[in-house]
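Undergrad: Here is a sequence with its predicted model. Questions after.
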Amino acid sequence: MLSPIQWKDGVLAVLDQTELPWHEVWLSFREWEGVAEAIRSMRVRGAPLIGIAAAYGLVLSVWHLPQDRDPEAPFRTAFAGLARTRPTAVNLFRALERMHDVFRRQRGLEGLREALLAEAERIHHEEVEACRTMGSLGADLLPSAAKVVTICNTGALATGGYGTALGVVRAAWEVGKLSLVYLLETRPRLQGARLTAWELLQEGISFRLVVDSAIGWLFATEPIDAVLVGADHIARNGDTANKIGTYTLAALAVRHRVPFYVVAPTSTIDPRLPAGSGIPIEERDESEVISPYGMRFAPEGARAWNPAFDVTPAELITAIVTERGVLWPPYGESIGGLFE
Ligand code: MRU
């Protein structure tokens, strides 16, 4: 199974996702600043992977310090810098908090290094395990010979291994339950066309790439059994932030009576947030819309609006698949039950 992030001897190696599918480029970091830049520029992306990378980033903030140096200031600077990278993925803040808890409990640089590394590896391992469990729970929800729709990239590249929504695709394919995946290109960064297509080709899973605006006509003309999407931030009432276009996909799925499943680990649920209106939505640079990957489509002087995520209201979501079970509406109760 592909893992886009690897720790070895004080160096963090990540697969640069802005170079895929054209080139497989691995980047190596010895300092947290490089990890923060990689997250901000989406070389490392996908909510669970952002959390994993940030955790290793905090390990790097103390790993190469001289033995007599107080780690307090470097750790705090790295914590603040990593927290500023991408605002929507709640996994980032959850991972940073877990690392901070470890930091508070430790005395002595040597012990601190080992304890932080152990926690980062635990976060990494837990995310991959969660994906495998969600994969099999989600596959159980699908009929045989299923045709499903997905958006963005929620695979091994986004999670550290296996995937959330794409983990369900993988699991369903492995047991012979899946016949076809319709894959939205996912403008403007094209995570569907570039990354998910790359992953599915490696696995030999059948798919058709569709432009984002074809989704209504796809539902109107093809039999579709389910929509499977990931999430960056789920509020206590079930409102879910995910890649821009997910809300459109949900609204049209409901219009055509297609089940709409969110697949996300509990690290993506924010039980302290009552509703989706409180989720911070990242707005990225307009150049991503005007000239994606350096190819200008709009005339000189054109302006763009570029929200990276949208919020799907809970009422459009059929169920939320987590590693701790499938949650059904009313989500206030089912999510509340998980965190009591
Ligand atoms: O902007 P990105 O590429 O980081 O957005 C990723 C998504 O929206 C995914 O659907 C989400 O993070 C879940 S990934 C398992």
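TA: Received it, and whenever you're ready, just let me know what you need.
Undergrad: Now do the strands in the stretch 1-150 of the chain.
TA: Counting by DSSP state E, counting those that start in this stretch, the segments of the stretch 1-150 of the chain that form strands are 5-8, 11-15, 26-29, 146-150.
Undergrad: so which of these comes closest to the ligand?
TA: The ligand sits nearest to strand 146-150 of all those, at 8.9 Å, using C-beta to the nearest ligand atom. Every C-beta, even on glycine, is put in place using the N, C-alpha and C of the backbone.
Undergrad: Could you export whichever helix or strand comes after that closest one as CSV, keeping only the C-alpha atoms?
TA: Once the chain leaves strand 146-150, the next helix or strand it forms, by DSSP states H and E, is helix 156-159. Extracted C-alpha coordinates of helix 156-159, given in CSV (Å, rounded to 0.1, in the frame of the first residue of the first chain):
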residue,chain,number,x,y,z
ALA,A,156,-3.8,6.8,0.3
LEU,A,157,-2.4,10.1,-0.9
ALA,A,158,-4.8,12.0,1.4
THR,A,159,-4.6,9.8,4.5
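Undergrad: So helix 156-159, near the ligand or not?
TA: Yes: counting by C-beta under 6 Å from any ligand atom, the ligand is contacted by helix 156-159 at 158-159.
Undergrad: Buried ones in that helix, by neighbour count?
TA: For helix 156-159, the neighbour count (16 or more other C-beta atoms under 10 Å) marks 156-159 as buried.
Undergrad: most packed of the strands of the stretch 1-150 of the chain?
TA: By mean neighbour count, with neighbours taken as mean count of other C-beta atoms under 10 Å, strand 146-150 ranks first of those at a mean of 24.
Undergrad: which residues sit in contact with the closest residue to the ligand within the stretch 151-300 of the chain?
TA: Closest residue of the stretch 151-300 of the chain to the ligand, C-beta to the nearest ligand atom: G230 (2.8 Å). By C-beta atoms under 8 Å, 6 or more residues apart in numbering, the contact list for G230 reads 46-47, 152, 154, 158, 164-166, 242-243, 262-264.
Undergrad: quick one, domains of the protein?
TA: 5-131, 135-339 (automatic domain parsing).
Undergrad: So what's the residue count around E72?
TA: 10 (other C-beta atoms under 10 Å).
Undergrad: now it: how far from the ligand?
TA: 31 Å (C-beta to the nearest ligand atom, to the nearest Å).
Undergrad: near the ligand, which residues of the stretch 1-150 of the chain?
TA: 45-48.
Undergrad: before we move on, back to that, could the domains of the chain be laid out in TSV, adding mean pLDDT?
TA: Shown next, in TSV, are those (pLDDT from 0 to 100):
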stretch	mean pLDDT
domain 5-131	97
domain 135-339	97
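Undergrad: between the strands of the stretch 1-150 of the chain, which one is nearest to E129?
TA: strand 5-8 (15.4 Å; C-beta to C-beta).
Undergrad: list the helices and strands that closest one packs on?
TA: Secondary-structure packing of strand 5-8 (3 or more C-beta pairs under 8 Å, 6 or more residues apart in numbering; DSSP states H and E): strand 11-15, helix 47-63, helix 109-140.
Undergrad: Just the CA atoms of it, as PDB, please.
TA: Output of strand 5-8 as PDB, limited to C-alpha atoms (Å, rounded to 0.1, in the frame of the first residue of the first chain):
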ATOM      1  CA  ILE A   5       4.800  10.100   4.100                       C
ATOM      2  CA  GLN A   6       7.800   8.400   5.700                       C
ATOM      3  CA  TRP A   7      10.000   9.200   8.800                       C
ATOM      4  CA  LYS A   8      13.500   7.900   8.800                       C
END
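Undergrad: what's the spacing between that strand and its chain's center?
TA: The chain centroid and the centroid of strand 5-8 are separated by 18 Å, computed with C-alpha atoms, centre = their mean, to the nearest Å.
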